[in-house]
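K.L.:
quick one: sequence and predicted model below, then my questions.
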Amino acid sequence: MTEDCVPRFARGTRLQYDRVRETWFIQAPERAFLADAIAVEVLQLVDGARALAVVIDTLAEKFDAPRTVITQDVLTLVNDLAARQVLVRA
């Protein structure tokens, strides 16, 4: 995926908070992935309507970080999750 892509969670997949364990995870059919703090920040902005460029700009502003660094981190995460069939193009 690239900055102009609009990602969404694959069917049956979602980001969920476990109150008992106080941790975020990605629930997918027959599997689950723990989500670290960076992944949570990115995935909370994935709504199937926002392009990755908007997600990147939002995070760069929120954390006052260089856009190039945020871009690399977001694209790496999103492409990894797309390869695992967690995220798809909207």
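P.N.:
Sure thing, it's come through. If you're wondering where the values come from, they're calculated on a predicted model, not measured in any experiment.

K.L.:
give me the buried positions along stretch 34-41.
P.N.:
By 16 or more other C-beta atoms under 10 Å, the buried positions in stretch 34-41 come out as 35, 39-41. To be clear about C-beta, it is placed using only N, CA and C from the backbone, and glycine gets the same treatment.

K.L.:
cool, stretch 17-25 as well?
P.N.:
In stretch 17-25, the ones that count as buried by 16+ other C-beta under 10 Å are 24-25.

K.L.:
just the terminal-to-terminal distance for that stretch.
P.N.:
Length of stretch 17-25, first residue to last, C-alpha to C-alpha, to the nearest Å: 6 Å.

K.L.:
ok, and what's touching that stretch?
P.N.:
15-16, 32-35, 39-40 (C-beta atoms under 8 Å, 6 or more residues apart in numbering).

K.L.:
same check, this time on stretch 44-55
P.N.:
Residues contacting stretch 44-55 (C-beta under 8 Å, 6+ apart): 1-9, 15, 42, 58-59, 74-75, 78, 87, 90.

K.L.:
how far away is Arg89 from Ala32?
P.N.:
23 Å (C-beta to C-beta, to the nearest Å).

K.L.:
cool, Ile56 as well?
P.N.:
Taken as C-beta to C-beta, the span from Ile56 to Ala32 is 26 Å.

K.L.:
this protein: strands as residue ranges?
P.N.:
Assigned by DSSP state E, the strands in the chain fall at 7-9, 14-18, 23-28, 31-34, 87-89.

K.L.:
hang on, the earlier thing: out of the buried residues of stretch 34-41, which are inside helices?
P.N.:
Per DSSP state H, helices hold the following members of these: 39-41.

K.L.:
skipping its backbone neighbours, what lies nearest Leu15 in space?
P.N.:
Leu43 (4.7 Å; C-beta to C-beta, 6 or more residues apart in numbering).

K.L.:
verify the stated contact: the one you found with Ala35.
P.N.:
Yes - with contacts counted by C-beta atoms under 8 Å, Leu43 reaches Ala35, the gap being 6.5 Å.
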